[in-house]
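*Asks:* Model the structure of this input:
(2 chains)
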2 protein chains.
Amino acid sequence: MRFAARVEVRLRPGIADPEGVTIERALPALGFDDVCEVRAGRCFRFEVDAADGAMARRRAEDLAHRLLTNPVIERSEVELIALAPVGEH
Amino acid sequence: MRFAARVEVRLRPGIADPEGVTIERALPALGFDDVCEVRAGRCFRFEVDAADGAMARRRAEDLAHRLLTNPVIERSEVELIALAPVGEH
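*Replies:* Numbers count the residues shown, from 1 in each chain, chains lettered A, B, ... in the order given. You can find the predicted model right below:
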């Protein structure tokens, strides 16, 4: 079965985020003074072939932690978007 | 009330994604031949002060479309993470 996964990679709290700071600084002049705490990160989507959802999650987490995340400054969150198979490609 | 929002910005289907392609090409040699269709994107998190969830969503979508997304090559998805207030800062 095939599963769709999303991995969100975020900077750990306390790690400087120049992109987020720059966006946040621009917001008041652009009419968004009701928005704050902007943080920028990365997202990855991919598909996993696995026997079941638990195995798919394990593989996705393994990939996220080993290849997509720098654990010194980042942490990642894995989400299986579709627990049903998403079909053939 | 304050709401937490997440915006995922993804390349539109058909737009070349060199980062995703590079990751996908490396996967078999790293033991992940069960993973495919890798796409890289960006994620933003921020907080919105709004009277209610509907207004918070409108503001977050406005921000996402006007400032965080290049509509020619990207599309974005807005999610309100917490519909309850996330507290004072």
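*Asks:* okay, CA-based contacts and neighbour counts for the rest of this
*Replies:* OK.
*Asks:* ok, the residue lying farthest from the centre of chain A to B:D62 distance?
*Replies:* For chain A, the residue at maximal distance from the C-alpha centroid (C-alpha atoms, centre = their mean) is A:A29, at 28.8 Å. Distance, A:A29 to B:D62, by C-alpha to C-alpha, to the nearest Å: 15 Å.
*Asks:* got it, and A:R25?
*Replies:* 17 Å.
*Asks:* thinking again about what came up before, using the three-state scheme, assign the residue farthest from the centre of chain A.
*Replies:* With DSSP: H, G, I helix; E, B strand; the rest coil as the basis, A:A29 sits in helix.
*Asks:* Kindly report the same for A:L80.
*Replies:* strand.
*Asks:* thinking it is in contact with A:R57, fair?
*Replies:* Yes. A:L80 is within contact range of A:R57, at 6.7 Å (criterion: C-alpha atoms under 8 Å).
*Asks:* So what sits opposite A:V35 in the bridge?
*Replies:* Here A:V35 sits in beta bridges with B:V48, going by DSSP bridges.
*Asks:* Sheet partners, orientation included, of the helix or strand of chain A with the lowest mean pLDDT?
*Replies:* Here the helix or strand of chain A ranked lowest by mean pLDDT, DSSP states H and E is strand A:74-82, holding a mean of 90. Here strand A:74-82 has these sheet partners by DSSP bridges: strand A:2-11 (antiparallel).
*Asks:* Show me what whichever strand or helix holds A:R39 is in contact with.
*Replies:* Using DSSP states H and E, A:R39 falls within strand A:35-49. For strand A:35-49, contacts defined as C-alpha atoms under 8 Å, 6 or more residues apart in numbering or on different chains pick out A:1-11, A:17, A:19-21, A:23-24, A:27, A:56, A:59-60, B:8, B:34-49.
*Asks:* send the alpha carbons of that strand over as CSV?
*Replies:* Output of strand A:35-49 as CSV, limited to C-alpha atoms (Å, rounded to 0.1, in the frame of the first residue of the first chain):
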residue,chain,number,x,y,z
VAL,A,35,0.2,39.0,13.0
CYS,A,36,3.2,38.1,15.1
GLU,A,37,5.6,35.2,16.0
VAL,A,38,6.5,34.4,12.4
ARG,A,39,8.7,31.4,12.0
ALA,A,40,9.9,30.0,8.6
GLY,A,41,10.6,26.4,8.0
ARG,A,42,10.6,23.7,5.3
CYS,A,43,8.1,21.1,4.2
PHE,A,44,8.6,17.9,2.4
ARG,A,45,6.0,15.7,0.9
PHE,A,46,6.6,12.2,-0.4
GLU,A,47,5.0,8.8,-0.8
VAL,A,48,5.9,5.6,1.0
ASP,A,49,5.2,2.0,0.0
